[in-house]
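Visitor: Here is my input; please provide its structure:
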Amino acid sequence: MINRPTPLRILLVDDETYMQAFVSKVLSVSINCTITPARDGQEAIEKSKTGDPELIILDINMPRMDGVQALGELRALRADTPIVMLTSISEEVVVEKCLAKGASHFIRKDVGANILKVELEEMLQQFFPNPEASHEHASSS
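Guide: As a prediction, the model looks like this:
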């Protein structure tokens, strides 16, 4: 678990209830966090304006406003916030479009639960490294 003195504010955007529940559980076991759910890109933009997320996890296929469209608007609102695309889409043109709009990372959600769990934990470690672990590593060198 990544130790944080204050909970990491995460905006989790996915229209699938089971995926929100699974990702929320993995995140809450991996890091001290508060998770704000959103069901589509439009709701994500509204909640991003009021909730000040430190991490946004964004699905691509959603009703009303998809993740690709929302990504551009979210990036304009939150230039420095990591935005992780959590998707089953692997089409190169969609991936390139997301990267061009500022996606920070991609995680495939059409993999087994254990692989998805590991990828989510690795993503957290990449963007929010455990300060105690890096301190311990530095002092043992």
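Visitor: Distance of the closest residue to M1 other than its chain neighbours relative to D66?
Guide: Using Cβ to Cβ, 6 or more residues apart in numbering and skipping residues adjacent in sequence, the residue nearest M1 is S30, 6.0 Å away. Placement of C-beta: from N, CA and C, glycine included. As judged by Cβ to Cβ, to the nearest Å, S30 and D66 stand 27 Å apart.
Visitor: one step back: isn't the residue nearest to M1 right up against E119?
Guide: No. Taking contacts as Cβ atoms under 8 Å, S30 lies outside contact range of E119: 11.2 Å.
Visitor: what about V111, neighbour count?
Guide: 13 (other Cβ atoms under 10 Å).
Visitor: what about it, is that helix, strand or coil?
Guide: coil (DSSP: H, G, I helix; E, B strand; the rest coil).
Visitor: Distance of it relative to S104?
Guide: In terms of Cβ to Cβ, V111 sits 19 Å off from S104.
Visitor: Could you do M65 as well?
Guide: Taking Cβ to Cβ, one finds M65 at 19 Å from S104.
Visitor: Is it correct that I35 falls within a helix?
Guide: No. Applying three-state DSSP, one finds I35 to be strand, outside a helix.
Visitor: For it, list each beta-bridge partner.
Guide: I10 (DSSP bridges).
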